[in-house]
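Undergrad: Okay, here's the prediction I keep looking at, along with the sequence it came from:
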Amino acid sequence: MPSALALSDKIIGKAGHFVGVQNFIALLQWPVFVQTVLNSFIFTFYALLLKVGLGMALALLMQHIVRGKNFFRGAMLLPFIVPTP
């Protein structure tokens, strides 16, 4: 039966002992971890806001373009069509 490393105090080369959720409690009390999680949420919020806003603006712009609409649609889809190495 595999042991849950997150629930033990295992060190390489030594036997680990069950400590329960003590590792997670210590992690939540570590200021660097809490700041990292907060930064991740802030970055995700603003990145999502920017992507949705820019995507909506481009969609509305494409709706109003009469000449060359198919060309611009194709140009926007080109990165999805071309395979990456």
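TA: Arrived safely, thanks for sending.

Undergrad: what's the neighbour count on Gly16?
TA: Neighbours of Gly16 under the rule other C-beta atoms under 10 Å: 14. Heads up, the C-betas are built off the backbone N, CA and C, glycines and all.

Undergrad: wait, Leu7
TA: By other C-beta under 10 Å, 16 other residues sit near Leu7.

Undergrad: Could you do Leu5 as well?
TA: Neighbour number of Leu5 under other C-beta under 10 Å is 10.

Undergrad: which residues sit in contact with it?
TA: Gly16 (C-beta atoms under 8 Å, 6 or more residues apart in numbering).

Undergrad: ok, for Val19, nearest residue in space, not its chain neighbours?
TA: Nearest non-adjacent residue to Val19, counting by C-beta to C-beta, 6 or more residues apart in numbering: Asp9, 5.1 Å away.

Undergrad: Go ahead and confirm that neighbour touches Ala26.
TA: No: using C-beta atoms under 8 Å, Asp9 is not in contact with Ala26; the gap is 10.5 Å.

Undergrad: what ranges do the helices span in this protein?
TA: 22-28, 31-64, 69-81 (DSSP state H).

Undergrad: Generate TSV for the ones you listed, with mean neighbour count and mean pLDDT as supplementary columns.
TA: Formatted as TSV, the helices of the chain follow (neighbours: other C-beta atoms under 10 Å; pLDDT from 0 to 100):
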stretch	mean neighbour count	mean pLDDT
helix 22-28	12	91
helix 31-64	10	94
helix 69-81	10	85
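
Undergrad: Quick check: Thr36 vs Leu7, distance?
TA: Distance of Thr36 to Leu7, computed by C-beta to C-beta, to the nearest Å: 22 Å.

Undergrad: So what's the predicted local confidence for Pro2?
TA: Here, the pLDDT recorded for Pro2 equals 53.

Undergrad: got it, and the one 4 residues further on?
TA: Per-residue pLDDT puts Ala6 at 83.

Undergrad: Skipping its backbone neighbours, what lies nearest it in space?
TA: Asn23 (6.1 Å).
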